[in-house]
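Trainee: have a look; sequence and predicted model below, questions after that.
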Amino acid sequence: GIQVEQSPPDLILQEGANSTLRCNFSDSVNNLQWFHQNPWGQLINLFYIPSGTKQNGRLSATTVATERYSLLYISSSQTTDSGVYFCAVSSTSGTYKYIFGTGTRLKVLA
Amino acid sequence: NAGVTQTPKFQVLKTGQSMTLQCAQDMNHNSMYWYRQDPGMGLRLIYYSASEGTTDKGEVPNGYNVSRLNKREFSLRLESAAPSQTSVYFCASSERRLTGETQYFGPGTRLLVL
């Protein structure tokens, strides 16, 4: 089945810094989503982005489907950005079957 | 709107006991999902239901059964709990549109099997 790898596994930033999180996947995908899991465990969808670029405030994401990777950019990080960031994909042959990466754990220090 | 709700929030079982985790959504979504999350790991799909009346296996279905009771409700049953099923269980729902798909998650159920 499709493999999803995220990097880096852990990241510590000072408030105000920028960061880039990466998601690599091993097969063609028809869906890709980025999620944030806050320190209390709640999962929030950030982007639906199987291809192209999207922006929402300080966050933006880019997926290059032909090269099988996606990037999540966080600018001017805040302590509320702390938590774990996951990407999840479904392959073209496995519609509705989402595979999650193991996540990037981000800690933003005040 | 409550979004996606799950009950119970926390449960302790003894090995061999059975239980049903309940999930309901009020967003009129067609698709619903059950995932498990083990410490330090991503979510793994147990079962999903693309629409009312259909269910299908995900990555880790062994030891679980599901019921899509109606469009709103999707339950997960453990017939004979095992310690390996200790985990946090998340239910999610989504709707596929031309603009894409967004999954909405419930708050999770923490299950401990002794």
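Mentor: Perfect, I can see it now. Just so it is clear, the model here is predicted, and its values are computed rather than measured.
Trainee: which bits of chain B sit near chain A?
Mentor: Within chain B, the positions near chain A by Cβ under 8 Å from any Cβ of the partner chain are B:31, B:33, B:35, B:40-45, B:48, B:50, B:56, B:58-59, B:88, B:90, B:92, B:99-105, B:107-108. All C-beta spots, glycine's among them, are computed from the backbone N, C-alpha and C.
Trainee: can we see that at 10 Å?
Mentor: Residues of chain B that fall close to chain A, judged by Cβ under 10 Å from any Cβ of the partner chain: B:31, B:33, B:35, B:37, B:40-45, B:48-51, B:56-59, B:88, B:90, B:92, B:94, B:96-97, B:99-108, B:110.
Trainee: can you select the buried ones from these in ChimeraX?
Mentor: A single ChimeraX command suffices to select whichever of the residues of chain B next to chain A are buried according to 16 or more other Cβ atoms under 10 Å in any protein chain shown:
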select /B:31,33,35,37,42,43,44,45,48,49,50,58,59,88,90,92,94,100,101,102,103,104,105,106,107,108
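Trainee: so which of the residues of chain B next to chain A sit within strands?
Mentor: Judged by DSSP state E, these include B:31, B:33, B:35, B:37, B:43-45, B:48-49, B:56-57, B:88, B:90, B:92, B:94, B:96-97, B:100-105, B:110 as members of strands.
Trainee: quick one: least confident helix or strand in chain B?
Mentor: One helix or strand of chain B scores below all others by mean pLDDT, DSSP states H and E: strand B:100-105, with a mean of 88.
Trainee: what packs against it?
Mentor: Counting contacts by 3 or more Cβ pairs under 10 Å, 6 or more residues apart in numbering or on different chains; DSSP states H and E, strand B:100-105 packs against strand A:29-37, strand A:43-48, strand B:4-7, strand B:31-37, strand B:87-97.
Trainee: cool, thanks, talk later.
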